[in-house]
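**Student:** this is a predicted model, with the sequence first.
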Amino acid sequence: MTGHSVHLKLDGRTYSGTYMVDRKVLTVTTPYGKKASQIGQHVGQEALAKQLLQEIVLEEKSRKGSRI
């Protein structure tokens, strides 16, 4: 199974990760963490991947001592 790149611009910086789909579950992996979500009928895979990437980045930014 191969991954797909996903990129997100936030606060003037570009963050990237990789997403994979397995049995209707999309998983985004970055150097900062990993998140998974079930794919809904009305949301595209890339849109969901960007949403999960944004959640990962925001969680990392709010963590004390974060370097991003």
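**Tutor:** Perfect, I can see it now.
**Student:** packing partners of the one helix or strand K9 maps to?
**Tutor:** Assigned by DSSP states H and E, K9 belongs to strand 4-10. Applying 3 or more CB pairs under 8 Å, 6 or more residues apart in numbering; DSSP states H and E, one finds that strand 4-10 makes contact with strand 13-22, helix 45-62. Every residue, glycine included, has its C-beta placed from N, CA and C.
**Student:** I'd like the ones you listed laid out as JSON lines, including distance to I68.
**Tutor:** JSON lines is the format used below for these (distance: least, CB to CB, whole Å):
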{"stretch": "strand 13-22", "distance to I68": "8"}
{"stretch": "helix 45-62", "distance to I68": "6"}
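**Student:** name the residue closest to the centre of the protein, please.
**Tutor:** Nearest residue to the geometric centre of the chain (CA atoms, centre = their mean): L53, 2.3 Å.
**Student:** thinking it is in contact with L8, fair?
**Tutor:** Yes: taking contacts as CB atoms under 8 Å, L53 lies within contact range of L8: 4.9 Å.
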